[in-house]
Each structure stands twice: as structure tokens, then as C-alpha cells.
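>>> Just a sequence and a predicted model for now, questions to come.
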Amino acid sequence: MATLFFSYFSGVIVLASILVVALRNPVHSALALLIMFFHVAGLYITLHAEFLAAVQIIVYAGAILVLYLFVVMLLNVKRDEHYHAQYPLGAVLGVTILTEALLLIVQHSFSKETATADLGATDGKQVLEGNTETIGEALYSTYLFSFEVASLILLVAMIGAIILAKRDLFEARN
């Protein structure tokens, strides 16, 4: 039964991701992105990571998608007909990445013994019981620098979007 749910969620995620890139209307692309975010959350639930599923829905489907829609409406993005001339290059790159992924899957066997052995390694630390505690411990100890760099990149992106929007508004007044 778990395989059926995984197949459903992963299939919809792949199709919705293709639609995000392929649709010409930015709002329709955002709706496909919303479908993809919800199915990623469903995939997290099948992996018993309920906290990640909740964060996926709240942060990505809620905040990030709304921010994306505000930027699209603020910048008045129109359909770009020249964008779809890049399909051949995208197809070649997509086939290359798919081939690499299939080669990795064929070369490595993913057994339950190796997965549980990797999860059981604690390096002498106390094993935490829940998903939330484990994620918090990893983010604020082992991956603190990466977490801070990601937050700075998001801050720079937000400032860049504001500058682009304000520049267009300022030029429209003059």
C-alpha cells in the first residue's frame, strides 16, 4: 500500500513540476506549483515525517507561493513566447539528468539494513525521539552555517525583488 501512495505522489510531483515550467501563464504555473507542494507534503506523510509535511504546507504552499504570486502581479509579468524556444535544450538536459539518476539507482542497492544502520549512528550522542527534535538538533548544531547562509540568500533575493519593483514604479512616475 505504501508503494502505491509513493507512486501516486511521485508521479503527480513529476507531472506538476513539468507543468510549472511548461505553462505559459504565470498564475497557472503557480497553481501547478501549489499542487506539487501539497503532494510533496503527502510524500512526507508517507515517510512518517509529519513535521516536515506541516512545514511544507505552511512555509512553501502558504508563504512562498503567496510571495511568488505577489511578485508576479507586482511586476506584471506577461506571457513570453520566446521562452518556449528553449525546449530542445531543456529536453536534452532533462534526458541527461534522468539517465544519470537511473544509472545511480541501478548501481546502488537500497536495502533496509543499510538504511537502518545509517540512521542508528549517533557518534556517542543521545538519540532523540521525535522528528521535530532531530531536525532542530541538526539545523542548529551541525548545519548552523548552512542554515544561516540560506537565510542570507533569501534576504538578498527579497531585497532584490523590492528594488526591481520600486525601480519600475519610480520609472513609471517620471
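Ah, there it is.

>>> So, low pLDDT: which residues of the chain?
Along the chain, segments meeting pLDDT under 70 span 76-86, 109-129, 168-174.

>>> residue boundaries of the helices in it?
Taking DSSP state H, the helices of the chain run over residues 2-22, 26-46, 50-55, 65-75, 87-107, 112-120, 131-137, 144-173.

>>> just those: most buried one?
Counting by mean count of other Cβ atoms under 10 Å, helix 26-46 has the highest mean neighbour count of these, with a mean of 18. For glycine as for every other residue, the C-beta is placed from the backbone atoms N, C-alpha and C.

>>> tilt between it and helix 2-22?
Interaxial angle, helix 26-46 versus helix 2-22 (axes from the mean of the first three to the mean of the last three Cα atoms, to 10 degrees): 160 degrees.

>>> List the contacts of helix 26-46.
2, 5-6, 9-10, 12-13, 16-17, 19-21, 23, 50, 52-54, 56-57, 60-61, 65, 68-69, 72, 77, 79 (Cβ atoms under 8 Å, 6 or more residues apart in numbering).

>>> how about a cut-off of 6 Å?
5-6, 9, 12-13, 16-17, 19-20, 23, 52-53, 56-57, 60-61, 65, 68-69, 72, 77 (Cβ atoms under 6 Å, 6 or more residues apart in numbering).

>>> okay, now the domains of this protein?
1-79, 128-174 (automatic domain parsing).

>>> now these in TSV, with distance to residue 87?
Shown next, in TSV, are the domains of the chain (distance: least, Cβ to Cβ, whole Å):
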stretch	distance to residue 87
domain 1-79	8
domain 128-174	27
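
>>> can you tell which of these is closest to residue 104?
domain 1-79 (16.0 Å; Cβ to Cβ).

>>> what's the spacing between that closest one and its chain's center?
How far domain 1-79 lies from its chain's middle: 8 Å, per Cα atoms, centre = their mean, to the nearest Å.

>>> same check, this time on stretch 155-164
20 Å.

>>> Which residues outside that stretch are in contact with it?
Contacts of stretch 155-164 (Cβ under 6 Å, 6+ apart): residue 71.

>>> again with stretch 47-67
With Cβ under 6 Å, 6+ apart, stretch 47-67 has contacts from 34, 37, 40, 41, 44, 45, 131, 132.
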